[in-house]
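Undergrad: What would the 3D arrangement of this be:
(2 chains)
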Number of protein chains: 2
Amino acid sequence: MSLISIPIVRDVLEESNARAAENRAIFDQHGIFVVNIMSSPGAGKTTLLEKTIPLLKARGLRAAVIEGDITSTLDAGRLAPLDIPVVQANTEPFGGDCHVGSHLVQAAFKHLPMDALDFLFIENIGNLVCPAEFYLGEDRKVVTLSLPEGEEKPLKYPLMFRECHLCLLTKMDLAPYLDVNPNHFEENMRTINGNLDVIRVSVKTGDGLGKWVEWLLKRG
Amino acid sequence: MSLISIPIVRDVLEESNARAAENRAIFDQHGIFVVNIMSSPGAGKTTLLEKTIPLLKARGLRAAVIEGDITSTLDAGRLAPLDIPVVQANTEPFGGDCHVGSHLVQAAFKHLPMDALDFLFIENIGNLVCPAEFYLGEDRKVVTLSLPEGEEKPLKYPLMFRECHLCLLTKMDLAPYLDVNPNHFEENMRTINGNLDVIRVSVKTGDGLGKWVEWLLKRG
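TA: Sure thing, here's the model as predicted:
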């Protein structure tokens, strides 16, 4: 069994990386800065985008979103009021994949006005494990980790924190109601990845959103 | 590519189900009630077990835990003060699998005193997607969903809620600080699975733990 399956896994990864390289070339050609946002379910990815896009728009910057989900168009629906190009990319027709694949990104961005974009956000499926394994052609990988998830998560899901360039520590407004210390989150992240940027954010109060937009403006 | 990979996937599932059937026979032989607990990272699985085990012990019931993680022994360490048999089962040596497999359960329970147990809890890896796909030989599948994750999660991750027998809606103590309505969580769950039992729990205040223990005592 394992002797047979190993070459198949390699083929899948090779195929995935080939599609990602094609995506990368297209993004470069259009000068689009592409951010792959990953996290557990409910860590605040969509809400972050709801607040971020208007801040970019206010600066005359044009953004689009590829909403990755297994099923449903709920998240794309939430972004509709922003009046920007949004593509809902569901993995259900691809076997219910637990991550957004580079082929799905490729299928999705064909529906976007690529010559009229500065930023493209790929909101990955809520999963702190599998999405970390796949390069989609993005410029930067960002993980959002929310305070209620607990301080030790970087130690338990190290690949995600090793692969990402930035962690947004979200739901900071809940700090008074939780038995957690934001410093411990950051210490655990540094244990895994000494180069990881960290920005503490509360989308509810707006704290930290300015720093996040600055990070985007200087393109990570 | 796809023509080659399809039979391999079938083989993997067949192999997985064969191991699960073996597990099931062993559990039956020893009369152990086995619960596979799944959720997003940080939804409160370990904390739930920390509070549940003493309540079972107080009734003279003997429990053990298989702690599934990709890496680290943090969760097993947290359960050590309970003075029960705990096996840490890490998937890192198995390629960093994103879910606990039936072969891993099999490797783990060989370290447990199977003839001296009433309950076995398998704490799966924090992942609301992949673990739902795999039968481990358990009696019941339970998902913990925490209030901060948001009301729409059952609609976005339907397989988990379709496969489970019970959902523990956790972190109820945070309700006053979140823009969510517990009724909407339940409505969304019923849309996916009309037979799903739901118990609202706050491990912090203890609310709902009695109902959960009752559910365990009547073996789901």
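
Undergrad: When you work out contacts or count neighbours from here on, use the C-alpha atoms and nothing else.
TA: Will do.

Undergrad: which secondary structure element contains residue A:66?
TA: Element membership for residue A:66 (DSSP states H and E) is strand A:63-69.

Undergrad: what's near enough to touch the nearest residue to residue A:86 once chain neighbours are set aside?
TA: In this structure, residue A:86 finds its nearest non-sequential neighbour in residue A:65, 4.8 Å apart by CA to CA, 6 or more residues apart in numbering or on different chains. Residues near residue A:65 by CA atoms under 8 Å, 6 or more residues apart in numbering or on different chains: A:84, A:85, A:86, A:87, A:120, A:121, A:122, A:123.

Undergrad: Of those residues, just say which sits nearest to chain B.
TA: Distances from chain B to the contacts of residue A:65, taken as CA to the nearest CA, are shortest for residue A:123 (13.5 Å).

Undergrad: Would you check that that closest one makes contact with residue A:75?
TA: No. Look at residue A:123 against residue A:75 with CA atoms under 8 Å: they stay out of range, at 9.4 Å.

Undergrad: Give the residues shared as contacts by the two.
TA: Counting by CA under 8 Å, 6+ apart, the residues touching both residue A:123 and residue A:75 are A:46, A:67.

Undergrad: Just want to know which of the two has more residues nearby.
TA: More crowded of residue A:123 and residue A:75, by other CA atoms under 10 Å in any protein chain shown: residue A:123, with 24 against 20.

Undergrad: bridging residues for that one?
TA: residue A:37, residue A:67 (DSSP bridges).

Undergrad: List the contacts of it.
TA: Neighbours of residue A:123 in contact, by CA under 8 Å, 6+ apart: A:36, A:37, A:38, A:45, A:46, A:65, A:66, A:67, A:68.

Undergrad: What residues does chain A have near chain B?
TA: A:1, A:4-5, A:8, A:11, A:40-43, A:69-72, A:74, A:98, A:126-130, A:148-150, A:153, A:155-157, A:174, A:177 (CA under 8 Å from any CA of the partner chain).

Undergrad: Which member of the contacts of residue A:65 is positioned nearest residue B:115?
TA: residue A:123 (47.8 Å; CA to CA).

Undergrad: where does the closest one sit relative to residue A:212, distance-wise?
TA: 16 Å (CA to CA, to the nearest Å).

Undergrad: Same check on residue A:67?
TA: Distance from residue A:67 to residue A:212, by CA to CA: 20 Å.

Undergrad: quick one, which of those two is more surrounded?
TA: Neighbours per residue, other CA under 10 Å: of residue A:67 and residue A:212, the larger number sits with residue A:67, 25 against 19.

Undergrad: so what's the more buried one up against?
TA: Shown in contact with residue A:67 (CA under 8 Å, 6+ apart): A:75, A:76, A:86, A:87, A:88, A:89, A:122, A:123, A:124.

Undergrad: how deep is the fourth one tucked in, by neighbour count?
TA: The burial count assigned to residue A:87 is 21, neighbours taken as other CA under 10 Å.

Undergrad: which SS state does it fall under?
TA: On the three-state scheme (DSSP: H, G, I helix; E, B strand; the rest coil), residue A:87 is labelled strand.

Undergrad: Per-residue pLDDT of it, please?
TA: Model confidence at residue A:87, given as pLDDT, is 94.

Undergrad: Skip the chain neighbours and tell me the closest residue to it.
TA: Distance criterion CA to CA, 6+ apart; nearest residue to residue A:87, sequence neighbours excluded, is residue A:66 at 4.9 Å.

Undergrad: Next one: that neighbour, what pLDDT does it get?
TA: 96.

Undergrad: do you know how far it is from residue A:37?
TA: Taking CA to CA, one finds residue A:66 at 10 Å from residue A:37.
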